[in-house]
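>>> Quick one, structure for this:
(one chain, ligands or ions: 1)
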Amino acid sequence: MQDIFKYIDEHLNDSIASLTELCKLPAVSAQKQAIGETAEHVVGMMRPLGFETQILPKTGGPDTAQPVVFAELRGKSPKTLLFYDHYDVQPPEPLELWTSPPFQPTLRDGKLYGRGVSDNKGNIAARVAAIKAWREVRGELPCSLKFCIEGDEEIGSPHMEEFVEEHRELLAADACLWEGGGVTWEGLPMVTLGVKGLLYVELTCETINRDAHSSYGTVLPNAAWRLVWALSTVKSPDERIQIAGFYDGVRPPTPEERAAIEAMPQEDAETLKSFGIGKALAGVTGVDYIARHLFEPTATIDGLSSGYEGEGPKTVLPARAMAKMDFRLVPDQDPDDILAKLRRHLDSHGFADIELKTLGGERPARTPVTDPLVAVMREAIRDAYGSEPFIVPAMAGTGPLYPFVAILGLPTADCGIGYPDAHIHAPDENIRIEDFLRGTKAIAALIGRFGK
Ligand SMILES: [Zn+2]
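Model prediction:
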């Protein structure tokens with residue numbers, strides 16, 4: 001691999017320049033910005049490497065979804081590695097908290113700052129750089145490669161299941177390399193094997209036909225109170241979610257998954273410190289902290305609004321209150337089932353008047369720690385980093401992994417260019433150039449090992 005690694009080292013500036021160009025395109029899916037031109041730009045990165053490309057519409061519902069970039073290149077071996085990535089990014093707001101403009105990627109102190117440099121355009125650029133090195137140094141690729149790069153991962157990948165179902169043959173492969181991934185706080189590489197699912201809902205409560213003078217607090221129902229009471233039944237202060245049957249589908253970790261997390265670095269103190277607190281929820285530390293973070297579902301109030309929220313007092317009795325909530329789900333919880341259980345929970349607690357609107361749902365998925373892909377990933381990481389990766393059975397976040405695992409039947413794993421302080425989804429998103437370089441080499445090594 002040394003010849004290929006050398007090429008990657010010598011062409012680092014070109015790879016960073018290519019990433020910079022990609023990140024100048026403000027492909028914010030939530031705001032439907034620059035989507036078409038970014039898809040075209042990605043196609044323009046693939047074609048010179050010899051990829052056959054297509055921009056495919058995503059169908060399956062009344063709401064519009066952004067197109068998917070598909071690319072394919074045959075190698076020596078018919079064994080096929082499918083890369084999943086996304087070319088869309090999160091909104092850059094609040095803009096005033098960025099040190100340099102989000103869509104003008106800027107190098108500072110060995111880091112590249114800009115929206116998307118880590119999540120997920122940095123991984124696209126690293127994968128392209130690794131393939132370019134193979135093509136330039138050796139010509140033919142040792143295995144066949146496919147890319148499936150979607151344009152609305154950041155808004156919950158609508159219709160991804162239908163898309164995968166519809167394009168089963170096109171997407172057929174032997175394994176899938178997932179987006180994301182990277183190193184620990186200490187810079188040690190990780191391989192992640194699964195994702196949590198998600199149910200996102202909006203709860204609305206309307207009690208009277210207009211806001212009232214708060215003196216009516218004696219006789220008129222207050223929407224803010226009703227919503228707060230309803231929310232308080234969902235989770236108790238001991239952090240247990242109180243919806244009947246909520247935990248029914250939760251699959252306990254296997255002995256191998258448990259062993260994997262026992263080998264993981266314990267960085268809870270570092271994480272808590274970065275958030276300015278000393279103690280985690282439920283007082284967990286060490287392996288229990290990791291187990292809770294990776295294997296437990298959540299119920300999170302993401303936003304609450306009602307009544308007067310401006311400066312100074314306003315004595316008002318709100319007619320309307322709204323909350324946004326997400327539930328991170330673990331195998332084998334199902335978002336539709338959890339939604340039905342939440343509805344039943346609210347009804348049975350006297351809150352039938354609270355309206356529920358679904359804003360998104362994704363199913364959880366996990367690849368077993370014992371899958372042969374994991375062994376190949378270990379070797380590739382060793383080639384690139386000179387050290388063993390930590391095997392992370394699942395990440396705490398969500399992605400549209402389920403159709404790739406369940407419909408295409410693929411083992412999936414990720415390794416990437418990120419690190420814990422990358423500020424993804426936040427101002428000053430960044431990558432460390434050293435992580436980009438090593439992450440690129442890991443992909444190159446994987447391509448080499450996967451063909452064998
Ligand atoms: Zn993201």
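
>>> Contacts for the lowest-mean-pLDDT helix or strand in the chain next, please.
For the chain, counting by mean pLDDT, DSSP states H and E, helix 268-274 ranks last in confidence among helices and strands (a mean of 91). Contacting residues not belonging to helix 268-274 are listed as W185, G278, K279, A280, V284, T285, G286, Y289, I290, P420, D421 [CB atoms under 8 Å, 6 or more residues apart in numbering]. To be clear about C-beta, it is placed using only N, CA and C from the backbone, and glycine gets the same treatment.

>>> now do 10 Å
Contacts of helix 268-274 from elsewhere in the structure, counted by CB atoms under 10 Å, 6 or more residues apart in numbering, are 184-186, 267, 277-280, 284-290, 292-293, 420-421.

>>> If any of the residues you listed are buried, put those into a PyMOL selection.
In PyMOL, this line selects whichever of those come out buried by 16 or more other CB atoms under 10 Å:
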select buried, resi 184+267+280+284+289+290+292+293+420
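
>>> Can you flag which of the contacts of helix 268-274 belong to helices?
Counting by DSSP state H, the contacts of helix 268-274 place G286, V287, D288, Y289, I290, R292, H293 in helices.

>>> Now do the contacts for the third one.
Spelled out, that is D288. Taking CB under 10 Å, 6+ apart, we find D288 in contact with I261, Q266, D268, A280, A282.

>>> who wins for most neighbours among those?
Across these, neighbour numbers were computed from other CB atoms under 10 Å; I261 holds the maximum, 24 neighbours.

>>> I'd like to know how far that one sits from P331.
15 Å (CB to CB, to the nearest Å).

>>> try G249
G249 sits 8 Å away from P331 when distances are taken as CB to CB.

>>> Which one of these two is surrounded by more residues?
For G249 versus P331, the count of surrounding residues by other CB under 10 Å is larger for P331: 20 against 17.

>>> Contact partners for V137?
V137 touches M1, D3, I4, F5, K6, Y7, I8, A444, counting by CB under 10 Å, 6+ apart.

>>> Make a PyMOL selection of the buried ones in those.
Listed next is the PyMOL selection for buried residues among the contacts of V137, using 16+ other CB under 10 Å:
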select buried, resi 1+4+5+7+8+444
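
>>> So for stretch 423-433, first residue to last residue, what's the gap.
15 Å (CA to CA, to the nearest Å).

>>> any idea of the mean pLDDT for that stretch?
Looking at stretch 423-433 alone, the average pLDDT works out to 96.

>>> List the buried residues for it?
The neighbour-count check on stretch 423-433 (16+ other CB under 10 Å) flags H423, I424, P427, D428, E429, N430, I431, R432, I433 as buried.

>>> F327: which of those is nearest?
Nearest to F327 among the buried residues of stretch 423-433 is I424, at 20.9 Å by CB to CB.

>>> excluding its backbone neighbours, what's nearest V89?
What sits nearest to V89 in space, not counting adjacent residues and going by CB to CB, 6 or more residues apart in numbering, is G116, at 4.0 Å.

>>> any idea how far that neighbour lies from P105?
Applying CB to CB, one obtains 9 Å for the distance of G116 from P105.

>>> Mutual contacts of these two, please.
The contact sets of G116 and P105 overlap at L19, L22, C23, K24, G122, E429 (CB under 10 Å, 6+ apart).

>>> What's the local residue count around the third one?
When you say that, I think you mean C23. Around C23 there are 25 other residues, counting by other CB under 10 Å.

>>> quick one: average pLDDT of stretch 300-313?
The pLDDT scores in stretch 300-313 average 96.
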